[in-house]
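S.K.: Quick one: sequence and predicted model below, then my questions.
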Amino acid sequence: MLGWVLFNDKDLWLRFTMSAASSVEKTPYALGGAITDFTAVSPQISEKLFLILRKKFVTDVSGRIDTPTMGAYVPFLRKALETNPYLFIYLKFYAECLILSCSNRDALGDVLRNFLCEDVANEFLPDMLLTNDADQTAEWLGKVIGRDMEFRRSRTKAQISDIISPDSSLAKYTPAQRLYILKCENGSGLNRSFNMSISSEYDFDRTANLGTVKASLIDNGSTVLAEYEISSPDDLIALELFHTVKGELPIKKCRCCNEYFVPTGRSDSEYCSRISLGENKRCAQIGAMRTFKGKYAENPIYAEYNRAYKRNHSRLRNGKLYDEEFRDWSAAARKARDEFIAENKTVEQFRLRLTELEIE
Ligand SMILES: [Zn+2]
């Protein structure tokens with residue numbers, strides 16, 4: 001079993017044990033945010049994360065005689081946990097398989113078959129490449145588990161599209177009805193049965209006695225929630241999708257990166273708050289800039305400012321301006337640009353102002 005998941009109005013909590021010895025832990029995520037973030041993880045990023053674990057494992061194994069334990073991977077896994085529960089489940093599973101490849105290699109086939117999607121299992125398990133070469137084994141395991149993650153990621157993304165897109169072939173159904181239709185399809189991964197129990201937001205020790213529970217419920221004002229056991233990534237996907245759709249949370253497609261997201265602030269926002277691959281700004285920041293540019297782009301003052309900016313920036317690059325001079329100039333020019341646009345002044349007036357600001 002991977003752990004438990006609890007659902008509140010707009011949150012979900014993941015409860016799990018990090019390693020056999022450690023106690024139950026709990027991490028909160030925005031409902032709908034966790035699953036849409038998962039569908040937006042680029043394969044380059046996940047490959048990089050798998051590679052970090054693989055390298056660490058190979059270093060650990062070559063430097064010691066005893067079997068590595070989960071403890072060594074906990075700091076890394078905690079970071080994954082902060083990022084996304086699905087990513088965390090996959091990386092944790094990879095770490096567990098790496099350890100198992102040292103301690104009980106014969107058990108790996110069954111463990112993998114239990115976890116992997118049928119398609120991925122059928123593709124890879126007939127030719128398991130588990131050898132005494134730690135790097136080769138780690139590479140093969142990373143490839144298989146990474147392939148499984150990519151499979152579920154793209155399947156979920158396609159399902160979200162079917163649920164919300166106005167062009168979907170299911171467009172005449174409500175989102176919840178669409179989800180139900182998808183569930184009935186073969187191989188959707190959504191057709192799971194769940195083991196649900198009544199749980200409290202406050203995480204009691206499983207052996208706590210009734211007196212402790214009663215006293216603590218008053219002290220903590222703890223909410224009572226539905227808690228489900230999850231034994232496969234599909235369980236979490238199916239449950240989060242269901243609760244998101246049922247709770248009518250808005251799932252949107254970001255106008256910048258084209259990935260799905262659930263707005264955490266204003267429900268009419270068009271941009272997600274993720275930083276996509278190769279960018280150093282969040283989509284929301286890029287979106288705000290685009291809106292600004294769209295509004296002003298037709299204004300000749302804006303074009304005039306851009307020309308002056310490019311000219312002075314190349315002077316800076318060629319060492320004809322000091323950093324400080326350029327910074328002061330661009331701040332003043334930007335201020336003038338916005339004022340002149342706001343006051344409906346002409347581009348000739350703005351040119352004159354730029355001449356005054358120009359650094360000799
Ligand atoms: Zn985005």
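M.R.: Here it is on my side, so go on.
S.K.: and the gap between residue 163 and residue 334?
M.R.: Separation of residue 163 from residue 334 (CB to CB, to the nearest Å): 44 Å. Every residue, glycine included, has its C-beta placed from N, CA and C.
S.K.: quick one, which of these two is more surrounded?
M.R.: The neighbour count for residue 163 versus residue 334, taken as other CB atoms under 10 Å, is higher for residue 163 (23 against 12).
S.K.: which SS state does that one fall under?
M.R.: Here residue 163 is helix, with the state taken from DSSP: H, G, I helix; E, B strand; the rest coil.
S.K.: Next up, the contacts around it.
M.R.: By CB atoms under 8 Å, 6 or more residues apart in numbering, residue 163 lies in contact with 170, 175, 178, 179, 182, 241, 245, 251.
S.K.: Can you tell me which of the residues you listed lies closest to the ion?
M.R.: Nearest to the ion among the contacts of residue 163, counting by CB to the ion, is residue 251 at 13.1 Å.
S.K.: where exactly do the helices run in the stretch 101-250 of the chain?
M.R.: Under the criterion DSSP state H, counting those that start in this stretch, the stretch 101-250 of the chain contains helices at 108-115, 118-124, 134-164, 175-184, 210-220, 233-246.
S.K.: among those, which is nearest residue 325?
M.R.: The closest of the helices of the stretch 101-250 of the chain to residue 325 is helix 134-164. By CB to CB, the value is 49.0 Å.
S.K.: What residues sit buried inside the closest one?
M.R.: The neighbour-count check on helix 134-164 (16 or more other CB atoms under 10 Å) flags 134, 137-142, 144-149, 151-153, 155-157, 159-160, 162-164 as buried.
S.K.: and what of stretch 221-228?
M.R.: So stretch 221-228, judged by 16+ other CB under 10 Å, has buried residues 222, 225, 227, 228.
S.K.: Show me where this structure dips below the pLDDT cut-off.
M.R.: For the chain, applying pLDDT under 70 flags the ranges 19-24, 65, 293, 295, 297.
S.K.: If we use 80, what do you get?
M.R.: For the chain, the stretches flagged by pLDDT under 80 are 18-26, 63-67, 203-206, 220-221, 265-268, 277-279, 291-298.
S.K.: Kindly report the residues of it close to the ion.
M.R.: 254, 256, 257, 272, 283 (CB under 5 Å from the ion).
S.K.: if we go to 8 Å?
M.R.: Selection of the chain residues close to the ion by CB under 8 Å from the ion yields 40, 254-259, 261, 271-274, 276, 282-284.
S.K.: List the buried residues of the helix or strand that contains residue 94.
M.R.: Assigning secondary structure by DSSP states H and E places residue 94 in helix 85-103. If you call a residue buried by 16+ other CB under 10 Å, then helix 85-103 has these buried ones: 85-102.
S.K.: cool, and stretch 185-205?
M.R.: 188, 189, 190, 192, 199, 200, 201, 203, 204.
S.K.: ok, now stretch 203-217?
M.R.: Using 16+ other CB under 10 Å as the test for burial, stretch 203-217 gives 203, 204, 217.
S.K.: In TSV: those residues, plus distance to residue 350.
M.R.: Listed next are the buried residues of stretch 203-217 as TSV, based on distance: CB to CB, whole Å:
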residue	distance to residue 350
203	62
204	67
217	66
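S.K.: List just the nearest of the residues you listed to the ion.
M.R.: Proximity of those to the ion (CB to the ion) peaks at residue 203, which lies at 33.4 Å.
S.K.: And that closest one, how far from residue 133?
M.R.: As judged by CB to CB, residue 203 and residue 133 stand 42 Å apart.
S.K.: which element is the residue nearest to residue 330 when sequence neighbours are not counted on?
M.R.: Leaving aside its sequence neighbours, residue 330 sits nearest to residue 309 (CB to CB, 6 or more residues apart in numbering; 6.4 Å). Assigned by DSSP H and E, residue 309 falls within helix 300-317.
S.K.: from the chain's centre, how far out does that helix sit?
M.R.: Distance of helix 300-317 from its chain centroid, counting by CA atoms, centre = their mean, to the nearest Å, is 38 Å.
S.K.: Touching that helix from outside, list them.
M.R.: Defining contact as CB under 8 Å, 6+ apart, one finds that helix 300-317 is touched by 293, 296-297, 321, 323, 326, 329-330, 333-334, 337, 340-341, 345, 347, 350-351, 354, 359.
S.K.: ok, 6 Å please
M.R.: 296, 321, 326, 329, 337, 340, 341, 347, 350, 354 (CB atoms under 6 Å, 6 or more residues apart in numbering).
S.K.: Give the full set of residues in contact with residue 260.
M.R.: Applying CB under 6 Å, 6+ apart to residue 260 gives the contacts 36, 39, 160, 251, 253.
S.K.: ok, the last one - how many residues close by?
M.R.: This points to residue 253. By the criterion of other CB under 10 Å, residue 253 has 16 neighbours.
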